[in-house]
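Visitor: With the sequence up front, the predicted model follows.
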Amino acid sequence: MEPAREVSEGQRLERGREEAGCRLESQTEDVGHLQTHFISSTLPLTRKYLHIAVGEVLTLNIQHTNPTVGLNTIATAFNILEKYGRNLLNAVKPKFWRSVKFNNPVFKSTIHRIQGARHVLSLYGYTHTSQDGLSFPDEVKDVDRHQVASVLFEVSTFRMELGLLVKASHPHPQLFAVYMWGAASAQEIHQPEGEKELTADMPVDPSTPDPVSCSVCGRHTFSVFCLTCDWHLCQDCDCLYHQHPDRLTHHRLPAHTARQVGTHTAS
């Protein structure tokens, strides 16, 4: 995205975020159309989500599990976090709104399982930690409605984006792929230091072509070249990106064929 367009897009999202916060705070109107605009943006996740480090949430909870299972588990936890936020904005709050107990079955089976989920509760105002749970500090008499509404919008929108990723219908899955698969591969993580040094010192065979990295995550060698997108994609990113209905007809070549016809050279 060009710098000028990116600034304009960022300003548009900021206005939408402010409008959504006001609507959620007053509980008068739906924010679905604002979420649709938010999801359609191609800005990096760090520009879209200002309160929640959603990229970190993905990285911490998906790297060592099946991606679909991981996405569903995160989505379930954020569904519960969304309910906590909506309860805090209700004119008539639940009786025990000031605290979240660790032994609550719903908490244990959802939020407790996701790294980064407790931080969202702290953004809502549950900043005091005790042996049995989280709570609002005694000196805080009521919730910060504007803060809760702002965080709630991100929680709800992220949950929607996760659902679209699971159904392979997200318009821009590449924004998420770098966080889901962009960390060091399992070989890089588990390879002993001695083996890394030995590998680094090995002479390079000039007859062996340099591996081409995935255009999306940048960490894995490509397994498919898409002639339509002009992208080199690893297996995971190809699966995530090309299951979208609008991209099912893209013409893709396996890596060995792409190398033979000369499309493997990185642009």
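Guide: Okay, I see it. Numbers count the residues shown, from 1 in each chain.

Visitor: Would you list the phi and psi of Thr129?
Guide: phi -110, psi 130 (degrees, to the nearest 10).

Visitor: can you pull the contacts of Gln35?
Guide: Residues counted as contacts of Gln35 (Cβ atoms under 8 Å, 6 or more residues apart in numbering) are Ala20, Phe153, Ser156, Thr157, Met160. (C-beta placed from N, C-alpha, C; glycine too.)

Visitor: Could you look up the SS state of it?
Guide: helix (DSSP: H, G, I helix; E, B strand; the rest coil).

Visitor: just to revisit the earlier point, looking at the contacts of Gln35, which one is closest to Val178?
Guide: Thr157 (19.0 Å; Cβ to Cβ).

Visitor: As a check, name the ranges of all helices in the stretch 1-150 of the chain.
Guide: Applying DSSP state H, counting those that start in this stretch to the stretch 1-150 of the chain gives helices spanning 3-26, 32-40, 45-48, 54-62, 67-89, 105-109, 117-124, 145-166.

Visitor: May I see these arranged in TSV, with distance to Met180 and mean pLDDT as well?
Guide: Shown next, in TSV, are the helices of the stretch 1-150 of the chain (distance: least, Cβ to Cβ, whole Å; pLDDT from 0 to 100):
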stretch	distance to Met180	mean pLDDT
helix 3-26	22	80
helix 32-40	17	90
helix 45-48	11	93
helix 54-62	5	93
helix 67-89	6	94
helix 105-109	23	94
helix 117-124	17	97
helix 145-166	9	95
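
Visitor: Reformat the ones you listed as CSV; add distance to Ser215.
Guide: Shown next, in CSV, are those (distance: least, Cβ to Cβ, whole Å):
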stretch, distance to Ser215
helix 3-26, 19
helix 32-40, 21
helix 45-48, 18
helix 54-62, 18
helix 67-89, 19
helix 105-109, 38
helix 117-124, 31
helix 145-166, 18
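
Visitor: domains for this protein, by residue range?
Guide: 9-181, 212-258 (the TED database).

Visitor: shaky segments in the stretch 101-250 of the chain?
Guide: 182-211, 218-219 (pLDDT under 70).

Visitor: Quick check: end-to-end length of stretch 125-143?
Guide: The first and last residues of stretch 125-143 sit 7 Å apart, counting by Cα to Cα, to the nearest Å.

Visitor: For it, could you pull out the residues that count as buried?
Guide: By 16 or more other Cβ atoms under 10 Å, the buried positions in stretch 125-143 come out as Gly125, Tyr126, His128, Gly133, Leu134, Ser135, Phe136, Val143.

Visitor: what does it rub up against?
Guide: So stretch 125-143 is contacted by 88-89, 98-104, 118, 121-122, 124, 144, 147-148 (Cβ under 8 Å, 6+ apart).

Visitor: please redo it, this time with the cut-off set to 10 Å
Guide: The contact list for stretch 125-143 (Cβ atoms under 10 Å, 6 or more residues apart in numbering) reads 84-85, 87-89, 93, 96-104, 107, 111, 118, 120-122, 124, 144, 147-149, 151.

Visitor: The closest residue to Ile62 other than its chain neighbours and Ile52, how far apart?
Guide: Leaving aside its chain neighbours, Ile62 sits nearest to Gly70 (3.8 Å; criterion: Cβ to Cβ, 6 or more residues apart in numbering). Counting by Cβ to Cβ, to the nearest Å, the gap from Gly70 to Ile52 is 17 Å.

Visitor: how about Trp181, what does it touch?
Guide: Contact partners of Trp181, counting by Cβ under 10 Å, 6+ apart, are 58-59, 62-63, 67, 214, 216-220, 234-237, 240.

Visitor: Kindly report the same for His112.
Guide: By Cβ under 10 Å, 6+ apart, the contact list for His112 reads Ala77, Phe102, Asn103, Asn104, Val106, Arg118.
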